[in-house]
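A.B. asks: output the structure for:
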Amino acid sequence: MRRIYMYFMLSGGWHCQFLEADIKTPLPRKLNFSDIATVTELTQRGNGFRDLEMRNMFEHAVQNGRGGVYLELTEEQYQTLKSLKKGGK
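C.D. replies: Below you'll find the predicted structure:
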C-alpha cells in the first residue's frame with residue numbers, strides 16, 4: 001500500500017490534488033468533481049475513513065470548502081495517479 005495525501009477544495013466544483021506522503025511532492029494527476037459525493041467515495045475507497053475521528057475531520061473540511069486526508073492506495077491506484085492520461089493534465 002502507498003500512502004498519499006489528497007487535498008480538496010471547492011471552487012466551481014471540487015478540485016482534488018494529490019501529494020506524496022511528505023505533503024511536498026505533487027503527483028501529476030488532478031481531478032475535478034461536480035459534487036462532494038464522488039470525493040467522499042474516493043476517500044472511502046482509499047481507506048481515508050479509518051475511524052470516526054477521520055470521518056468527522058473530513059466532514060468539517062467539506063463544510064469549510066477545503067481540506068485534506070491521507071489515503072492508502074494499492075500500487076495500481078498509485079501508478080494511475082503518477083501518470084497522466086494521454087492529452088490530459
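
A.B. asks: what's stretch 71-78 in contact with?
C.D. replies: Met1, Arg2, Arg3, Ile4, Tyr5, Met6, Leu42, Thr43, Gly46, Asn47, Gly48, Leu81 (C-beta atoms under 8 Å, 6 or more residues apart in numbering). Every C-beta, even on glycine, is put in place using the N, C-alpha and C of the backbone.

A.B. asks: state the distance from the last one to Gly48.
C.D. replies: Think Leu81. Leu81 sits 14 Å away from Gly48, going by C-beta to C-beta, to the nearest Å.

A.B. asks: before we move on, what about the fifth one?
C.D. replies: Counting by C-beta to C-beta, the gap between Tyr5 and Gly48 amounts to 10 Å.

A.B. asks: residues shared between the contacts of the two?
C.D. replies: Val69, Tyr70, Leu71.

A.B. asks: surely the first one touches Arg45?
C.D. replies: Right, Val69. No: applying C-beta atoms under 8 Å as the test, Val69 and Arg45 come out as separate, 12.0 Å apart.

A.B. asks: more neighbours: which of those two?
C.D. replies: Between Val69 and Arg45, counted using other C-beta atoms under 10 Å, the more crowded position is Val69 (22 against 12).

A.B. asks: so what strands line up beside the helix or strand containing the more buried one?
C.D. replies: Secondary structure assigned from DSSP states H and E places Val69 in strand 66-73. Under the criterion DSSP bridges, strand 66-73 sits next to strand 2-10 (antiparallel) in its sheet.

A.B. asks: quick one: distance of the partner strand to the chain centre.
C.D. replies: 3 Å (C-alpha atoms, centre = their mean, to the nearest Å).

A.B. asks: just the CA trace of the next helix or strand along the chain from it, in PDB.
C.D. replies: The first helix or strand that comes after strand 2-10 along the chain, using DSSP H and E, is strand 14-20. The C-alpha trace of strand 14-20 is given here as PDB (Å, rounded to 0.1, in the frame of the first residue of the first chain):
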ATOM      1  CA  TRP A  14     -14.400  20.000  -6.100                       C
ATOM      2  CA  HIS A  15     -10.800  20.100  -7.100                       C
ATOM      3  CA  CYS A  16      -8.500  17.300  -5.800                       C
ATOM      4  CA  GLN A  17      -4.700  17.400  -5.900                       C
ATOM      5  CA  PHE A  18      -2.600  14.500  -4.700                       C
ATOM      6  CA  LEU A  19       0.700  14.700  -2.900                       C
ATOM      7  CA  GLU A  20       3.300  12.200  -1.800                       C
END
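
A.B. asks: that concludes my questions; thank you for your assistance.
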